[in-house]
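1. What would the 3D arrangement of this be:
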Amino acid sequence: MAKLFLLVLVGGIAYGAYNYSAIKHTVRDTVKGTVRDSVNSVARETKDTVREARNEIREHASEGVHSAVNRTEEAVASAAVTSKIKAKMALDDMVKASNINVDTEGRVVTLTGTVASKDEQRRALRIATETAGVTKVVNHLKVR
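-> The predicted structure follows:
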């Protein structure tokens, strides 16, 4: 009977060891699969987040470029109008262009400085008003 008991005891221990080993491998495989799935999920989410951020950066950069181009075009157009007016004044016998400052912002021209007479003031205003691209002239000219 002792042999039978010993045989049952050894068999029980062997069965327990086998099940422990099988459970250990099953748990390890389950954990590995879960970790792998979690890592893949985080990687996909990170990839999506990076893609969204990249698209947002491109959009903002594009807006910035368009804005810079528009500002540059406006500055060039304003400088061209200013140059036209200064050239017309320099060629005019009634206006002393060196005493008149011409500032252009958009389509609005501001004249500042000192002129010798009302006639010179009117002529300078007329030259500015008749220049292509000008919609308004602000007069800050002072008559001596």
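
2. Pull out the buried positions in stretch 70-84.
-> Within stretch 70-84, the residues scored as buried using 16 or more other Cβ atoms under 10 Å are S78, V81, T82, K84. Quick note: C-beta positions are derived from backbone N, CA and C, even for glycine.

3. same question, stretch 103-118
-> Residues of stretch 103-118 classed as buried by neighbour count (16+ other Cβ under 10 Å): T104, V109, T110, L111, G113, V115.

4. still on that earlier bit, select from the buried residues of stretch 70-84 every entry located in helices.
-> Counted as lying in helices by DSSP state H, out of the buried residues of stretch 70-84, are S78, V81, T82, K84.

5. wait, the last one sits on A132?
-> Yes: under the criterion of Cβ atoms under 8 Å, K84 lies in contact with A132, with a separation of 7.5 Å.

6. isn't V115 right up against A97?
-> No: applying Cβ under 8 Å as the test, V115 and A97 come out as separate, 10.5 Å apart.

7. Widest-spaced pair of the buried residues of stretch 70-84?
-> Comparing all pairs in the buried residues of stretch 70-84 by Cβ to Cβ, the longest separation belongs to S78 and K84, at 10.9 Å.

8. Need the residues touching each of those two.
-> Common contact partners of S78 and K84 (Cβ atoms under 8 Å, 6 or more residues apart in numbering): none.

9. picking that back up, wait, which of the buried residues of stretch 103-118 is closest to R126?
-> Once Cβ to Cβ is applied, the member of the buried residues of stretch 103-118 that ends up nearest R126 is L111, at 11.0 Å.
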